[in-house]
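Everything below, folded, please.
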Amino acid sequence: MGTSNNLGKDKIISFIKEADEKLDKFTSVLEKFGLDLITKMGQTNLKINMLTDKVNELSKATLDVKALLPQLTNVIENQKILEAELDLIRTLIQKSTISYQPKVIESEEVERDTSATDKKQAIVDQFHVLEKYFEENDDPQHVRTSLANIKEDIFVFTGGHRILYEIGQFSSKLNGLETLSDDIKGKLKEKITFWINKLSVKG
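Below is the predicted model of the structure:
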C-alpha cells in the first residue's frame, strides 16, 4: 500500500510541475502578446497624431489660399483694366497717325476751325443719350461700351483730358455688375454733369 501511495503522489507532483511549466510558458506568451499589442497601439496612435497634424496644416494652408483669392482677383481685374486702357491708347495713336495730314497755308489769314464746336457738341449729345438710356434701362455693359466710345472721342477732340481717367475709373466700377442700382445711376448722373462742365472749358 505504501508503494502505491508514493506512486500516486509522484504522479500528482509531476502533473503539477508540468502544469506549472505550461502555465509559465502561457503567461510568458501572453505577456509578450500584450507588450506587442501595446507597442502596436502606440505606433498606431503616433501615426494618427502625425496624420492629424498634417490635416491641420493642410487646413491652415487651404485657409491661407482662400484668404489670398480676393487679392488675386483684384490683381487680375486691375490687369484687365490696364490692358484695356493700353489697347485704347494704341488704337487712338494709330488713328491719329493715319488721320493726321499737314495743312498747307495758302494765305496769312488762318480760318477758325468751326468743327471743334460741332465735335464738342457731339460728345455732349452722347452723354445725354447715355443719361437717357440708364434712366430707363439697367444694363451696365451697355453703359460701359458707351463710356468707352465717349472716351475715344474725347481723346481725339482734346488730345488728352483729366476726365478720361475719371471715366475709366467709373467704368471699371461697373465691371462685374449685373444691373445698375439707383445709387449707381445717381452717381453716374452727377458725373455726367461734371464731365460736361469740364469739357465745356475746352475751347
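
okay, CA-based contacts and neighbour counts for the rest of this
Will do.

max-length helix in this structure?
The longest helix of the chain (DSSP state H) is helix 2-99.

Who are the packing partners of that one?
helix 140-158 (3 or more CA pairs under 8 Å, 6 or more residues apart in numbering; DSSP states H and E).

CA atoms of the helix it packs on as PDB?
Only the C-alpha atoms of helix 140-158 are listed here, as PDB (Å, rounded to 0.1, in the frame of the first residue of the first chain):
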ATOM      1  CA  PRO A 140     -24.200  98.000 -67.100                       C
ATOM      2  CA  GLN A 141     -22.400  96.500 -70.100                       C
ATOM      3  CA  HIS A 142     -24.200  98.900 -72.500                       C
ATOM      4  CA  VAL A 143     -23.200 101.900 -70.300                       C
ATOM      5  CA  ARG A 144     -19.500 100.700 -70.200                       C
ATOM      6  CA  THR A 145     -19.500 100.400 -74.000                       C
ATOM      7  CA  SER A 146     -20.900 103.900 -74.400                       C
ATOM      8  CA  LEU A 147     -18.400 105.300 -72.000                       C
ATOM      9  CA  ALA A 148     -15.600 103.700 -73.900                       C
ATOM     10  CA  ASN A 149     -16.800 105.300 -77.200                       C
ATOM     11  CA  ILE A 150     -17.100 108.700 -75.500                       C
ATOM     12  CA  LYS A 151     -13.600 108.300 -74.000                       C
ATOM     13  CA  GLU A 152     -12.200 107.700 -77.500                       C
ATOM     14  CA  ASP A 153     -14.000 110.800 -79.000                       C
ATOM     15  CA  ILE A 154     -12.800 113.000 -76.100                       C
ATOM     16  CA  PHE A 155      -9.200 111.800 -76.600                       C
ATOM     17  CA  VAL A 156      -9.400 112.600 -80.300                       C
ATOM     18  CA  PHE A 157     -11.000 116.000 -79.600                       C
ATOM     19  CA  THR A 158      -8.800 117.200 -76.700                       C
END
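
List the buried residues of it.
140-141, 143-144, 146-148, 150-155, 157 (16 or more other CA atoms under 10 Å).

Which SSE is immediately downstream of the longest helix of the chain?
Per DSSP states H and E, the first helix or strand lying C-terminal to helix 2-99 is helix 115-136.

Measure how the longest helix of the chain sits relative to helix 140-158, angle-wise.
Taking axes from the mean of the first three to the mean of the last three CA atoms, to 10 degrees, one finds that helix 2-99 is oriented at 40 degrees with respect to helix 140-158.

how distant is helix 2-99 from the center of its chain?
32 Å (CA atoms, centre = their mean, to the nearest Å).

as a whole number, average confidence for it?
Across helix 2-99, pLDDT averages out at 76.

Going forward, count from 47.
Yes, from this point I'll number from 47; that puts the last item at helix 48-145.

May I have the residues that are in contact with Val175?
Val175 sits next to no residue when contact means CA atoms under 8 Å, 6 or more residues apart in numbering.

Next one: the residue most central in space within the chain from Thr108, what distance?
Geometric centre of the chain, nearest residue: Thr119, 2.5 Å, by CA atoms, centre = their mean. Thr119 sits 17 Å away from Thr108, taking CA to CA, to the nearest Å as the criterion.
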